[in-house]
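Engineer: Sharing a sequence plus its predicted fold:
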Amino acid sequence: MPSFLTLPRSWRSAALLAALAMVVLPVSAQDAKDKAPAWKLSTAVGPAFALGKAGERWAKLVAEKSGGKLAVQHSPGATLAHRDPAREFLALRDGAAELAVGSSLYWAPQVGELTLIGLPWLAPDAKGLDALVTGTIRERLDAAIERAGGVPLAYAVLGHRALATVATDVRAPGDLAGLAVRVTATPLLTDLFAALGAQPQAMSFADAQAAFRAGTLNAQEGTIATFAAARLDALGVRHAILWGAVAEVAVFAANRAAWERSTDEQRTLIREAAQQAASELPALARAENDAALADLRKRGIALTRLTPAGQAAFAAAARAVYDKWANVAGEDLVRAAETAVKAASP
């Protein structure tokens, strides 16, 4: 039998490669076994916005903390929920997404208790809003998310939505009478603007652009950051009203089935990563808001911040809406929240 050294060179090379494969392949197979399939993470917006950036950060933290053994694939734009933020919690519950960072406003139709966060003028300042995601209030929101099919992991305050108008500087409830306002397609916002005498309209941004240019749309509800990103000044918007009406909180959550089939080590890692990303999000949201305000000023949009007395006048005008949606959130929960906000606010 010929020895290895007497074999032709091409045969010797092939034999060496085969031997190396026998050594390398088991190691590669072990690496593949150690590395779990990527978890799918949904956010309604991309990393250009604070909430999307928090989702991206969560994914990176999981990869870092696991040494690359556990990956998270971030899918922004609500792509796992048919590009509809209002369906994101359903996608999480049903397993299309295994993780998500969502807005309380969009998840409230499926988790009624989250309606609490958006109750008109419940918590018009930052300290009051913080009180809604701590202590017993948070525990009750956790329980509600669990009943609805999710696993709550962390919360982070995003802040308050605002109102942008073409010609009217809104300072009193009567200033909204007859204004056509583009709103997010959520029942609470529709009810709020209808109660204040406006004409709420849900439409695509393309349709809103055409309506602004045609003069048939007078205002836009949303976040300051979206006002700046959408260049509303180019559509004739000249005022932005910071009125503290409807707040939003980011909710970090997991799909229950994915959570239950993961290991204790994985669950601890994912929860700690979520809590870290959530702790960083309020500062990101404030910086985003401040940058957007500066940008709007630069573009000639006048900013109006309502005084507490001004907010109280709007709250009184919208009381019927508050009471209706407080019933959805749960009267006991709302009363507890009111007490917590009062204790926290100056």
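Structural biologist: Noted; the coordinates are in hand.

Engineer: which SS state does the closest residue to Pro37 other than its chain neighbours fall under?
Structural biologist: Distance criterion Cβ to Cβ, 6 or more residues apart in numbering; nearest residue to Pro37, sequence neighbours excluded, is Ala71 at 7.9 Å. No exception for glycine: its C-beta is placed from N, CA and C like everyone else's. Here Ala71 is recorded as strand under DSSP: H, G, I helix; E, B strand; the rest coil.

Engineer: now do Ala96
Structural biologist: Recorded secondary structure, Ala96: coil (three-state DSSP).

Engineer: That one: what's it in contact with?
Structural biologist: For Ala96, the contact set (Cβ atoms under 8 Å, 6 or more residues apart in numbering) comprises Lys40, Ser42, Leu80, Ala81.

Engineer: just checking, the first one touches Thr79?
Structural biologist: No. Checked against Cβ atoms under 8 Å, the pair Lys40 and Thr79 is beyond contact range at 9.7 Å.

Engineer: returning to that earlier point: number of residues surrounding the residue nearest to Pro37?
Structural biologist: Close neighbours of Ala71, defined as other Cβ atoms under 10 Å, add up to 14.

Engineer: distance of it from Ala254?
Structural biologist: Applying Cβ to Cβ, to the nearest Å, the value for Ala71 to Ala254 is 15 Å.

Engineer: So what's the gap between stretch 334-346 and the chain middle?
Structural biologist: Distance, stretch centre to chain centre, for stretch 334-346: 24 Å (Cα atoms, centre = their mean, to the nearest Å).

Engineer: Return the set of buried residues in it.
Structural biologist: The neighbour-count check on stretch 334-346 (16 or more other Cβ atoms under 10 Å) flags Val334, Ala336, Ala337, Glu338, Ala340, Val341, Ala344, Ser345 as buried.

Engineer: Identify the residues contacting Trp259.
Structural biologist: Val151, Arg267.

Engineer: can we see that at 6 Å?
Structural biologist: Val151 (Cβ atoms under 6 Å, 6 or more residues apart in numbering).

Engineer: following whichever helix or strand it is part of, which helix or strand comes up?
Structural biologist: Using DSSP states H and E, Trp259 maps to helix 256-261. Sequence-wise, the next helix or strand downstream of helix 256-261 (DSSP H and E) is helix 264-298.

Engineer: residue boundaries of the strands in the stretch 101-250 of the chain?
Structural biologist: 150-160, 162-165, 180-182, 199-201, 219-222, 239-242, 247-255 (DSSP state E, counting those that start in this stretch).

Engineer: Just put the ones you listed in TSV and tack on mean neighbour count, distance to Tyr322 and mean pLDDT.
Structural biologist: Listed next are the strands of the stretch 101-250 of the chain as TSV, based on neighbours: other Cβ atoms under 10 Å; distance: least, Cβ to Cβ, whole Å; pLDDT from 0 to 100:
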stretch	mean neighbour count	distance to Tyr322	mean pLDDT
strand 150-160	23	15	98
strand 162-165	26	17	98
strand 180-182	21	19	98
strand 199-201	18	17	97
strand 219-222	23	17	98
strand 239-242	22	19	98
strand 247-255	26	13	98
